[in-house]
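**Q** Dropping the sequence and predicted coords here.
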Amino acid sequence: MGTFTVPFPLGRHSDPMKTLVLAIPVSLALFFSACGGDAKPTPAATSASTSTSSTAPTATAPATTAATSTRPPSTPVADGTVDPLGFGGTETVTVKAQPGEFSGQALLKDVRMGVHPEEGGWDRLVFEFVGGSLPPATVGYVPGISQCGSGAAVSLKGTAVLSVRFSQAAAHDQAGQLTFAPKQVTGPGGTILEAKASCDFEGVVGWGAGVAGQQRFKVTTLQNPTRLVIDVKQ
């Protein structure tokens, strides 16, 4: 930016500083006028700020998706929390009847699965019975399971089979009506892949669970309602 000088004729008695004094105010006025126009925000700057703010949440979306991609988002957390006591194991577990003087047959009401985050994660398999009686049970890994009537092998996903066998139990009432009809329950997808019924005959109810390897498991019981709970380590 140049200096604008107002001509002032110099005579014999003229003062040269008068020209300089007049030049300075005009130059300053032009300078402040130009600077004042540059100080106003431009529409481009405002648009850029708005764009950054609106796209910030999108940047975090892939991390959330990746964290939950290993399991279906609808997988439930079934029946309370995992018992913190005990490391679990792969040995067969025998569960006594509850109450101890239990007689007759307990009716199977429901079989369901869920997942729990405690201690690094567990898949849970739950067997619920009608009323307050829990029949005796045996839970353990076996080479395979078969239908108790025909002897036909039951195919299961996974590389290990966890057998759950109840005595003094039934999945149908005295009229022959099923108290729990489904013969297969889909697993959460990580460790317990699926469970299938193998027996409901002469007081024996049997199920097999397909597991991704012989992972250690815990067996506990819950009341109100009466349940046998099997937690398999992920």
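**A** Structure's in. What do you need?
**Q** Next, G149: phi, psi?
**A** When quoted as degrees, to the nearest 10, the phi and psi of G149 stand at phi -90, psi -50.
**Q** now for stretch 132-151, what's the gap between its first and last residues?
**A** 32 Å (C-alpha to C-alpha, to the nearest Å).
**Q** in that stretch, what's buried?
**A** Burial within stretch 132-151, assessed by neighbour count using 16 or more other C-beta atoms under 10 Å, is assigned to 133-137, 139-141, 145, 148. For every residue, glycine as well, the C-beta is placed using N, CA and C.
**Q** Tabulate these (CSV), appending distance to G86, secondary structure and pLDDT.
**A** Converted to CSV, the buried residues of stretch 132-151 look like this (distance: C-beta to C-beta, whole Å; DSSP: H, G, I helix; E, B strand; the rest coil; pLDDT from 0 to 100):
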residue, distance to G86, secondary structure, pLDDT
S133, 25, coil, 93
L134, 19, strand, 96
P135, 23, coil, 97
P136, 20, coil, 97
A137, 17, strand, 98
V139, 14, strand, 98
G140, 16, strand, 98
Y141, 18, strand, 98
I145, 26, strand, 97
C148, 31, coil, 93
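**Q** so which of the residues you listed comes closest to R165?
**A** The closest of the buried residues of stretch 132-151 to R165 turns out to be A137 (C-beta to C-beta; 6.6 Å).
**Q** which residues touch the nearest residue to that closest one once chain neighbours are set aside?
**A** Nearest residue to A137 in three dimensions, chain neighbours excluded: V95, at 4.3 Å (C-beta to C-beta, 6 or more residues apart in numbering). V95 makes contact with 134, 136-139, 219, 221, 228 under the criterion C-beta atoms under 8 Å, 6 or more residues apart in numbering.
**Q** any idea which of those is closest to A175?
**A** Out of the contacts of V95, the one with the shortest distance to A175 is L134. That distance is 23.1 Å, counting by C-beta to C-beta.
**Q** Is it correct that E119 falls within a helix?
**A** Yes. Under DSSP: H, G, I helix; E, B strand; the rest coil, E119 sits within a helix.
**Q** Give me the pLDDT for it.
**A** According to the predicted model, the pLDDT of E119 comes to 84.
**Q** Assess the claim that it and V82 are in contact.
**A** Yes. With contact taken as C-beta atoms under 8 Å, E119 and V82 are classed as touching, separated by 6.6 Å.
**Q** Comparing the two, which residue is more hemmed in?
**A** Applying other C-beta atoms under 10 Å to E119 and V82 shows that V82 carries more neighbours, namely 20 against 14.
**Q** Which of the three states applies to the more buried one?
**A** Following three-state DSSP, V82 is assigned to coil.
**Q** And it, how far from S167?
**A** When C-beta to C-beta, to the nearest Å is applied, the distance between V82 and S167 equals 26 Å.
**Q** what sits against Q234?
**A** With contact set as C-beta under 8 Å, 6+ apart, Q234 has these partners: 115, 120-123, 190-191, 215.
**Q** got a markdown table for those residues, with neighbour count too?
**A** A markdown table is the format used below for the contacts of Q234 (neighbours: other C-beta atoms under 10 Å):
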| residue | neighbour count |
| --- | --- |
| V115 | 22 |
| G120 | 7 |
| G121 | 15 |
| W122 | 27 |
| D123 | 28 |
| G190 | 17 |
| T191 | 24 |
| Q215 | 19 |
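**Q** export those to a markdown table and tack on secondary structure and distance to A197?
**A** Formatted as a markdown table, the entries for those read as follows, by DSSP: H, G, I helix; E, B strand; the rest coil; distance: C-beta to C-beta, whole Å:
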| residue | secondary structure | distance to A197 |
| --- | --- | --- |
| V115 | strand | 22 |
| G120 | helix | 30 |
| G121 | coil | 26 |
| W122 | strand | 23 |
| D123 | strand | 18 |
| G190 | coil | 22 |
| T191 | coil | 20 |
| Q215 | coil | 22 |
